[in-house]
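A.B. asks: okay, sequence plus prediction incoming.
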Amino acid sequence: MIVVMGAGGATGSATLRSLAALGAPSRSLSRDPARLAAALDAHTLARTAPLAADAADPQSLRAAFRGAHQLFLTMANGPHQVRYELNAIEAAVDCGVGHIVKVSAPAAEPDSPVAVSRGHHLVEERLRSSGVTSTILRPYAFMQKLLLLAPGIAAAGVVHGATGRARCNYVDVRDIGDAAAAVLTRPELAGGTYPLTGGRAYSHPELTALLGELLGRPIRYLDLSPSELHAHLVARAGMPDWLATHVVEIQQLAVVREEAPDDTFLHLSGRAPRTLEAFLTEHLHRFR
């Protein structure tokens, strides 16, 4: 049995759909399982059992993990992420789960310039010392996060950033779900560390040029300093300070470490990743 933790989030729900497509049964955990069930399509719901569990409550995790063989662990970035993921690992180990697949991040290192990535490093280290087989997925920026730019583009035709001409990797969350389902259902893939990208990295000027071409009107990129971008994200986008800091750190990581596409997803899935152009075309109505 596969337990999917973080089932209500973008990555968790994508993994549930991918597992269901393969016919693999799962348990999907949520603090509100009825709400989760209502959000799932009928095919996915037929293959998963939504259960109540809270990452802050180790006892509820142990009840949910009992009898499970694998855990897919993805938690939203936030101040409590490390504690919640460590709670899940401890409960899984106690319940005899033999394989944990964790969604991590690029640059998950002790001295990473991205605070969230330093937290992922701590969780990865605990996994490695647990004695449980662990598989690490390291996706780059989610294409779905680009939808947060849609209001500004629709209203003013402007994208704000702090990357200059540095290129960023983007990956569709649905491809992360397919990669996760592959490592959860193919034992020969367990135990690896897998970076996940799309097929091409884009600079912000290239991204805005593509959007302009698809929309049939010019889109501008306004390059800001890191401090200016942080202030914009807090004051205009309404982000909490920690999240604005995270966005700025991720963008600066792309500046100091050149990002290029990786072919790991092709080897895991047997197909090319979804393209950014296809994703934007699918959601173009949001940007108009």
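C.D. replies: Received it, and whenever you're ready, just let me know what you need.
A.B. asks: show me where pLDDT drops low in this protein?
C.D. replies: By pLDDT under 70, the chain contains no weakly predicted segment.
A.B. asks: repeat that for 90
C.D. replies: Scanning the chain for pLDDT under 90 picks out the ranges 8, 76-79, 115, 148-149, 151-152, 155, 236-239, 243, 258, 288.
A.B. asks: which non-adjacent residue is nearest the residue most central in space within it?
C.D. replies: Closest to where the C-alpha atoms of the chain average out (CA atoms, centre = their mean) is Thr11, at 5.3 Å. The shortest distance from Thr11 to any residue other than its chain neighbours is 4.5 Å, reached at Thr74 (CB to CB, 6 or more residues apart in numbering). (Each C-beta comes from the backbone N, C-alpha and C, glycine too.)
A.B. asks: ok, the one you found touching Ser13?
C.D. replies: No: look at Thr74 against Ser13 with CB atoms under 8 Å: they stay out of range, at 9.9 Å.
A.B. asks: any residues in contact with both of these two?
C.D. replies: Both Thr74 and Ser13 lack any common contact, where contact means CB atoms under 8 Å, 6 or more residues apart in numbering.
A.B. asks: can you pull the phi/psi pair for Phe142?
C.D. replies: Main-chain dihedrals, Phe142, degrees, to the nearest 10: phi -80, psi 130.
A.B. asks: ok, what's across the strand from it?
C.D. replies: Val171 (DSSP bridges).
A.B. asks: from now on call the first residue 702
C.D. replies: With 702 as the first residue, the last one maps to Phe843.
A.B. asks: which element is Gly913 on?
C.D. replies: helix 905-916 (DSSP states H and E).
A.B. asks: my bad, Leu772
C.D. replies: Element membership for Leu772, per DSSP H and E: strand 771-774.
A.B. asks: buried residues in the helix holding Gly913?
C.D. replies: Buried residues in helix 905-916, counting neighbours by 16 or more other CB atoms under 10 Å, are found at His905, Pro906, Glu907, Leu908, Thr909, Leu911, Leu912, Leu916.
A.B. asks: other residues contacting the host helix or strand of the residue nearest to the centre of the chain?
C.D. replies: Assigning secondary structure by DSSP H and E places Thr712 in helix 711-722. Residues from elsewhere that reach helix 711-722 (CB under 8 Å, 6+ apart): 703, 705-708, 726-727, 729, 740-742, 744-745, 747-749, 773, 775, 804, 840, 843, 845, 874-875, 877-879, 881-882, 885-886.
A.B. asks: after it, next one along is what?
C.D. replies: Beyond helix 711-722 toward the C-terminal end (DSSP H and E), the next one is strand 727-731.
A.B. asks: that following strand to helix 711-722, inter-axis angle?
C.D. replies: Per axes from the mean of the first three to the mean of the last three CA atoms, to 10 degrees, the angle that strand 727-731 makes with helix 711-722 is 160 degrees.
A.B. asks: tell me which other helices or strands strand 727-731 touches.
C.D. replies: Helices and strands touching strand 727-731, by 3 or more CB pairs under 8 Å, 6 or more residues apart in numbering; DSSP states H and E, are strand 703-706, helix 711-722, strand 749-753, helix 759-766.
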